[in-house]
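Asker: Here you go, sequence then predicted model.
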2 protein chains.
Amino acid sequence: MKYSEISPRRECDSISKGEASAIETELVRDYRFGQQQLIEIWGHACALAISKAYPLNSLVKKQPTVLVICGPEQNGSIGLVCARHLRMFVSPPVGIDSSMELSHSPSQVQLINDAYNLVIDAMLGPEDDVVDIKEPYAGILVTLKQVKIPIASVDVPSGWDVEEAGQDGISPEVLISLTAPKKCAMSFSGKHFLAGRFLPYDIQKKYDLNLPDYPGTDSLIEL
Amino acid sequence: MKYSEISPRRECDSISKGEASAIETELVRDYRFGQQQLIEIWGHACALAISKAYPLNSLVKKQPTVLVICGPEQNGSIGLVCARHLRMFVSPPVGIDSSMELSHSPSQVQLINDAYNLVIDAMLGPEDDVVDIKEPYAGILVTLKQVKIPIASVDVPSGWDVEEAGQDGISPEVLISLTAPKKCAMSFSGKHFLAGRFLPYDIQKKYDLNLPDYPGTDSLIEL
């Protein structure tokens, strides 16, 4: 299925949960990518996407604060790399405060709205079970549904099923798809970026992916 | 010492062999960078530098051929990552031929001149001993001194002493300094790039590095 069927935007194939996992296995096993290398590539691309979607001079708050919510799996590592790069995009670099204990409470929703320009959702990824979400992630999801500042999600919005379109969950303004958009991204109507230029041509052919041509030397494309 | 003393170009401090090694140790030990992550960051930046210095439409040969000479240590790994990214900058991606046995012979010099647009020298790095260069590297260096096509060196031109200026060795047209320029780069008069935006601010302060401000979200700056 192509984006073109539901939107006039750039055509791009989407992949299932199984395909996403199989492609990653091949990248590591057959193409000898290190997991750290993939995470670095993705995290850097996420930081570039955030900078494009939210240029410094467009931020509402006085300080360029961003709340990056990093989960326990790979998406969390990508979030950390993203935060590291974002920090270096600002001169002088901003500090990192990693002390916030996230959960759910109305006062925390208020605090997030007041203190941050946006939330980067790197909490749950395509490998996570969304039927039985454990704490503290279930509580954080409730908070994310209530915050008023924009959310940018990494790969799969937290709480969304990888393969299902049109979901009753958080509503990110920005989605950064990694490698190739997952099926759930087909119903996403916000600003949508793809970071997957590194994907070997033979894998693109094998999985019959019709991925867009990235401009110049960019590692990122807006779909 | 600053570039400004010997050149009107952008001011930038240089570091010794010991400082380069100490900074890398701190990045891995204290800042928890993975070696793979650093190699990915550097290799990607090298590919960007090559694309800037040698745009596709400026290449003399019909095919966008590049010979990437990868040594056995870290510079070699960076060369491999650089080659991987360069390959994806071309659409459709070009093939990789890793079968060339490099040594020294006049016919090989001729072959390189005829077949390639440029050589990326990722052979020896700052950690290599240049007093007693072993084979096949010594032979390849003789070849590199004789080739007529441009050479772009990664971090330290192969065969150069890290700390010595003005050397009787290969003459690269482009130098891509990693983290911070090494002392030997001070006498380099070609196109000089720096890839070190990721360097934590505290390390920059600790080593009293006066590094330039990178433009926008670029991971690379021309000095």
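Answerer: It's in.

Asker: show me where chain A has helices.
Answerer: Applying DSSP state H to chain A gives helices spanning A:17-29, A:35-53, A:74-89, A:106-115, A:137-146, A:201-206.

Asker: Relative to A:Glu164, which of those is closest?
Answerer: In terms of Cβ to Cβ, the element of the helices of chain A nearest to A:Glu164 is helix A:17-29, at 10.4 Å. All C-beta atoms are positioned from the backbone trio N, CA, C, and that covers glycine.

Asker: for that closest one, what is the average pLDDT?
Answerer: What helix A:17-29 shows for mean pLDDT is 96.

Asker: repeat for stretch A:36-51
Answerer: 97.

Asker: close to chain B, is that stretch?
Answerer: Yes: in terms of Cβ under 8 Å from any Cβ of the partner chain, part of stretch A:36-51 sits within range of chain B, namely A:Gln36, A:Gln37, A:Ile39, A:Glu40, A:Ile41, A:His44, A:Ala47, A:Leu48, A:Ser51.

Asker: before we move on, the earlier item: minimum distance to B:Val109: which of the helices of chain A has it?
Answerer: Across those (criterion: Cβ to Cβ), the nearest stretch is helix A:201-206, sitting at 31.9 Å.

Asker: Go ahead and measure how far the closest one is from the middle of the chain.
Answerer: Put simply, helix A:201-206 sits 23 Å off its chain's centre (Cα atoms, centre = their mean, to the nearest Å).

Asker: Just the residues contacting it, thanks.
Answerer: Residues outside helix A:201-206 that contact it (Cβ atoms under 8 Å, 6 or more residues apart in numbering or on different chains) are A:Ile23, A:Glu26, A:Leu27, A:Tyr31, A:Leu209, A:Leu211, B:Pro92, B:Pro93.

Asker: that older thread, export the helices of chain A to a markdown table and append columns for mean neighbour count and distance to A:Ile170.
Answerer: Shown next, in a markdown table, are the helices of chain A (neighbours: other Cβ atoms under 10 Å in any protein chain shown; distance: least, Cβ to Cβ, whole Å):
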| stretch | mean neighbour count | distance to A:Ile170 |
| --- | --- | --- |
| helix A:17-29 | 16 | 19 |
| helix A:35-53 | 23 | 16 |
| helix A:74-89 | 22 | 14 |
| helix A:106-115 | 14 | 13 |
| helix A:137-146 | 18 | 5 |
| helix A:201-206 | 14 | 30 |
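
Asker: for these, which one sits closest to B:Leu223?
Answerer: helix A:74-89 (18.1 Å).

Asker: The closest one to helix A:17-29, inter-axis angle?
Answerer: Interaxial angle, helix A:74-89 versus helix A:17-29 (axes from the mean of the first three to the mean of the last three Cα atoms, to 10 degrees): 70 degrees.

Asker: Not counting its neighbours along the chain, what's nearest the residue nearest the centre of chain A?
Answerer: Chain A has A:Val154 as the residue nearest its centroid, 0.9 Å off, counting by Cα atoms, centre = their mean. In space, not counting the residues next to it along the chain, A:Val154 is nearest to A:Ala122; the distance is 4.4 Å by Cβ to Cβ, 6 or more residues apart in numbering or on different chains.

Asker: that older thread, which of the helices of chain A sits closest to A:Thr179?
Answerer: helix A:17-29 (6.1 Å).

Asker: is chain B contacted by that closest one?
Answerer: No: with Cβ under 8 Å from any Cβ as the criterion, chain B is not reached by helix A:17-29; the gap is at least 11.5 Å.

Asker: Stretch A:73-92 too?
Answerer: Yes: contact between stretch A:73-92 and chain B, assessed by Cβ under 8 Å from any Cβ, occurs at A:Val81, A:Arg84, A:His85, A:Met88, A:Phe89, A:Ser91, A:Pro92.

Asker: quick one: average pLDDT of that stretch?
Answerer: Averaged over stretch A:73-92, pLDDT sits at 93.

Asker: Go ahead and name everything in contact with it.
Answerer: Under Cβ under 8 Å, 6+ apart, the answer for stretch A:73-92 is A:35, A:39-40, A:42-44, A:46-48, A:50-51, A:56, A:64, A:66, A:68-71, A:93-94, A:96, A:120, A:122-125, A:127-128, A:154-156, A:178, B:37, B:197-198, B:201, B:213, B:216-217.

Asker: Near chain B, which residues of chain A? Just list them.
Answerer: Counting by Cβ under 8 Å from any Cβ, chain A sits next to chain B at A:34, A:36-37, A:39-41, A:44, A:47-48, A:51, A:81, A:84-85, A:88-89, A:91-93, A:197-198, A:201, A:213-214, A:216-217, A:219.

Asker: one more time with 6 Å
Answerer: Listed as neighbours of chain B in chain A under the rule Cβ under 6 Å from any Cβ of the partner chain: A:34, A:36-37, A:40, A:48, A:51, A:88-89, A:91, A:93, A:197, A:201, A:213, A:217.

Asker: returning to what we had before: any idea what the residue nearest to A:Val154 is bridged to?
Answerer: A:Cys70 (DSSP bridges).

Asker: any idea how far it lies from chain B?
Answerer: Remark: distance between A:Ala122 and chain B (Cβ to the nearest Cβ, to the nearest Å) = 17 Å.

Asker: what about stretch A:60-68, how long is it end to end?
Answerer: 17 Å (Cα to Cα, to the nearest Å).

Asker: before we move on, back to that, surely the residue nearest to A:Val154 meets A:Cys70?
Answerer: Yes: look at A:Ala122 against A:Cys70 with Cβ atoms under 6 Å: they come within range, at 5.1 Å.

Asker: which intervals of chain A have sub-threshold pLDDT?
Answerer: A:1-11, A:93, A:166 (pLDDT under 70).

Asker: Could you rerun that using 90?
Answerer: A:1-13, A:62, A:90-106, A:127-132, A:164-169, A:187, A:196, A:210 (pLDDT under 90).

Asker: could you list every residue that touches the closest residue to A:Leu141 other than its chain neighbours?
Answerer: Distance criterion Cβ to Cβ, 6+ apart; nearest residue to A:Leu141, sequence neighbours excluded, is A:Gly159 at 4.9 Å. Shown in contact with A:Gly159 (Cβ atoms under 6 Å, 6 or more residues apart in numbering or on different chains): A:Val130, A:Leu141, A:Gly169.
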